[in-house]
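> this is a predicted model, with the sequence first.
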Amino acid sequence: MRSLTIRTDSEVERALEFLIRNGLTRSEAARRAILEAERAQRRAIMRAEAEELRNDPAEQAAAKELATEMDAIRAW
């Protein structure tokens, strides 16, 4: 496992003290924060990609075409 050194300000120290009082170590708090930040970033990227697709006229046309095809299959 590798080490990470960070600088903290008073706001981060306050938050860290709260987490430590509630059962986490400094390392656990940092690891969780990094993992949560990664998940949030991935979700933001996926939301942006989905929004881009939703607003793309070609994608809208393809989705309508697919819906029509699915309706035809469902009729069987």
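Looks like it came in fine.
> least confident secondary structure element in this structure?
Least confident helix or strand, the chain: helix 57-74 with a mean of 91, by mean pLDDT, DSSP states H and E.
> buried sites along that one?
Within helix 57-74, no residue is scored as buried using 16 or more other C-beta atoms under 10 Å. Yep, even glycine has a C-beta here, placed from its N, CA and C like the rest.
> and the lengthiest helix in the chain, what does it pack onto?
If you go by DSSP state H, the chain has its longest helix at helix 26-54. Contacts defined by 3 or more C-beta pairs under 8 Å, 6 or more residues apart in numbering; DSSP states H and E place helix 26-54 against helix 10-21.
> could I get the helix it packs on in CSV with only the CA atoms?
Extracted in CSV, the C-alpha atoms of helix 10-21 (Å, rounded to 0.1, in the frame of the first residue of the first chain):
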residue,chain,number,x,y,z
SER,A,10,-9.3,24.3,9.3
GLU,A,11,-12.5,23.1,7.6
VAL,A,12,-10.9,19.8,6.6
GLU,A,13,-9.5,19.3,10.1
ARG,A,14,-12.9,20.0,11.6
ALA,A,15,-14.5,17.4,9.3
LEU,A,16,-11.7,14.9,10.0
GLU,A,17,-12.1,15.3,13.8
PHE,A,18,-15.8,14.6,13.4
LEU,A,19,-15.1,11.5,11.4
ILE,A,20,-12.5,10.3,13.9
ARG,A,21,-14.9,10.9,16.8
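> look up how far residue 47 lies from residue 55.
Remark: distance between residue 55 and residue 47 (C-beta to C-beta, to the nearest Å) = 13 Å.
> with residue 26 instead?
For residue 26, the distance to residue 47 - C-beta to C-beta - is 32 Å.
> quick check, pLDDT for the residue most central in space within the chain.
Centroid check for the chain by C-alpha atoms, centre = their mean gives residue 43 as the closest residue, at 2.5 Å. Model confidence at residue 43, expressed as pLDDT, equals 98.
> repeat that for the one 10 residues further on.
For residue 53, the pLDDT comes out at 93.
> list the contacts of it.
residue 59 (C-beta atoms under 8 Å, 6 or more residues apart in numbering).
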